[in-house]
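Participant: Curious how this folds, go ahead:
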Amino acid sequence: MTFDEVMNSLPPDQLPEGMDLGDMNAPEAGTFLPRLKPGEEYRFRFLLEESQEDDEHPQRNRPFALVDREWPVESGKKVKFLQVSWIAEIDPTDQPDKFNGETEPIRIRFNRANSYKHPKMKISEMGDLLRCLGVDISQITTIPALRDKLVELDAQGAMGTMVAGWNTRFDDGTEFTTGRPQKEREYTNGNGETVKVPSGRSWPRDANGGYAESVTWNGVTQYGRDFVQVLKVPKIPF
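Facilitator: Prediction:
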């Protein structure tokens, strides 16, 4: 069906009245101070991203996608690993000592984790996420079981603890972060073009040794964006 056909087929109660697109005076992303403090621990609720299918680039599907990784390493053979796109939702009322009377939930979106583990790695991104949510990862050995567990955790509103960080990216691709800066690298974008990403840089410190509120690069000043810097291991026996 065309867009017009779909619109015409919808009953009135399935369309919003007086749709609100937001505040025209809202600040641009990167022009206001984030609500979380870098280095601080916060409790979060695990949520799956809403479903989104990309037929041309299936590795971008949400919340679940299959991504290719070489396995065994240096074998030249590619196999599929599960990738999940997820949200960390922080409720300020659940930890009021860290917020000044705020009540609006904070959502850190577009987090990704996959089940690939290089032999030199102690734990995969997926294993790190599940462990943070209190799951015994030794009991999950197949992709279907892994997917089912993630759906279950979303339905249960599973909770974990994270350390917040800040990052920001400038127009020339230079990224500043409170985490570990990435090395210079290249990747192929969706148009098949090779994109060069310069080496990342550490977030600057202020005169007191804490993180500066903003970063200035090539005459441009930006605030950071909140991100999940570390997933904490819960203090419970598995």
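Participant: Point out where this structure drops to low pLDDT.
Facilitator: 1-2, 6, 13-19, 21-31, 190, 236-238 (pLDDT under 70).
Participant: Mind checking what secondary structure residue 227 has?
Facilitator: Here residue 227 is strand, with the state taken from DSSP: H, G, I helix; E, B strand; the rest coil.
Participant: Please apply the same query to residue 176.
Facilitator: The three-state label for residue 176, taken from three-state DSSP, comes out as strand.
Participant: now do residue 127
Facilitator: Note that with three-state DSSP, the state of residue 127 is helix.
Participant: my guess is it contacts residue 117, does it?
Facilitator: Yes. Taking contacts as CB atoms under 8 Å, residue 127 lies within contact range of residue 117: 7.0 Å. Quick note: C-beta positions are derived from backbone N, CA and C, even for glycine.
Participant: which residues does the residue sitting nearest the centre point of the chain bridge with?
Facilitator: Centroid-nearest residue in the chain: residue 111, 1.8 Å away (criterion: CA atoms, centre = their mean). Note on residue 111: beta-bridge partners by DSSP bridges are residue 86.
Participant: Tell me if I'm right that it and residue 87 touch.
Facilitator: Yes. If you go by CB under 8 Å, residue 111 and residue 87 touch, sitting 6.9 Å apart.
Participant: and the gap between the closest residue to residue 232 other than its chain neighbours and residue 174?
Facilitator: In space, and not counting its chain neighbours, residue 232 is closest to residue 161: 4.1 Å by CB to CB, 6 or more residues apart in numbering. With distances taken as CB to CB, to the nearest Å, residue 161 is found 31 Å from residue 174.
Participant: Pull up the distance across stretch 121-135, start to finish.
Facilitator: 19 Å (CA to CA, to the nearest Å).
Participant: for stretch 155-162, same thing?
Facilitator: Counting by CA to CA, you get 20 Å between the two ends of stretch 155-162.
Participant: in it, what's buried?
Facilitator: By neighbour count on 16 or more other CB atoms under 10 Å, the buried set for stretch 155-162 is 158-162.
Participant: same thing with stretch 123-134?
Facilitator: Residues of stretch 123-134 classed as buried by neighbour count (16+ other CB under 10 Å): 124-133.
Participant: In those, find the pair that's most separated.
Facilitator: Maximum pairwise distance among those (CB to CB): 14.2 Å, between 124 and 133.
Participant: and the top helix by length along the chain, what other elements does it pack with?
Facilitator: Counting residues, the longest helix found in the chain (DSSP state H) is helix 143-156. Under the contact criterion of 3 or more CB pairs under 8 Å, 6 or more residues apart in numbering; DSSP states H and E, helix 143-156 touches strand 41-48, strand 64-70, strand 78-90, helix 125-132.
Participant: Now tabulate these in CSV and tack on distance to residue 194.
Facilitator: Formatted as CSV, the helices and strands packed on helix 143-156 follow (distance: least, CB to CB, whole Å):
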stretch, distance to residue 194
strand 41-48, 32
strand 64-70, 18
strand 78-90, 20
helix 125-132, 25
